[in-house]
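> Predicted coordinates and the sequence they were generated for:
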Amino acid sequence: MAEKLSDYKYKTPIAIRFSDIDAVGHVNNAVYLTYFEVARMNYWREVIHWDLLKNGVIVGRSEVNYLKPITFDDEIVCYVRTTRIGNSSFDVMHILVKITANGEEICTTGKTVCISYDYAANKSIPIPSTERQKMIVYDEPGLILNTN
């Protein structure tokens, strides 16, 4: 996953909690998925305005690429963007960066396959047209592979 920060418009700060740290002083590997989740939720709320109570989203698959450790004293942000949109599923890419005196240093990348979901019917549903269009418009149509 060779990602370029210049392809991303949205980023959000991530708070590192003491409980996130493992015995050697690094953020525990399992916590990265929580950081990605926080960033996705902020992206959906602030940019896409996705009403998750009306149209749910579930995770179908997650991938994490650990590149450099993150410690308690680090200041981090997570970049997020939609990279693929299908009928009911779409891919969200994440990049966790550490803020340093020399700029942003990529520490972790990841991808989450999200599925538009109807909890009442207990099944996947087509991505709502409004949310679909907002993802395409915001994340640059030329960068999104639309598999519809």
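Yep, that arrived.

> burial count for residue 14?
Residue 14 has 24 neighbours, counted by other Cβ atoms under 10 Å. The way it works is simple: take the backbone N, C-alpha and C, and place the C-beta from them, glycine included.

> Next, it: phi, psi?
phi -120, psi 130 (degrees, to the nearest 10).

> So which elements touch the longest helix seen in the chain?
Counting by DSSP state H, the longest helix found in the chain is helix 31-43. On a contact count with 3 or more Cβ pairs under 8 Å, 6 or more residues apart in numbering; DSSP states H and E, helix 31-43 meets strand 10-14, strand 56-66, strand 76-85, strand 89-100, strand 103-118.

> Sheet-wise, list the partners of the fourth one with their directions.
Read it as strand 89-100. Strand 89-100 has the following strand partners under DSSP bridges: strand 76-85 (antiparallel), strand 103-118 (antiparallel).

> How far off centre is the last one?
Yep, that's strand 103-118 we're talking about. 3 Å (Cα atoms, centre = their mean, to the nearest Å).
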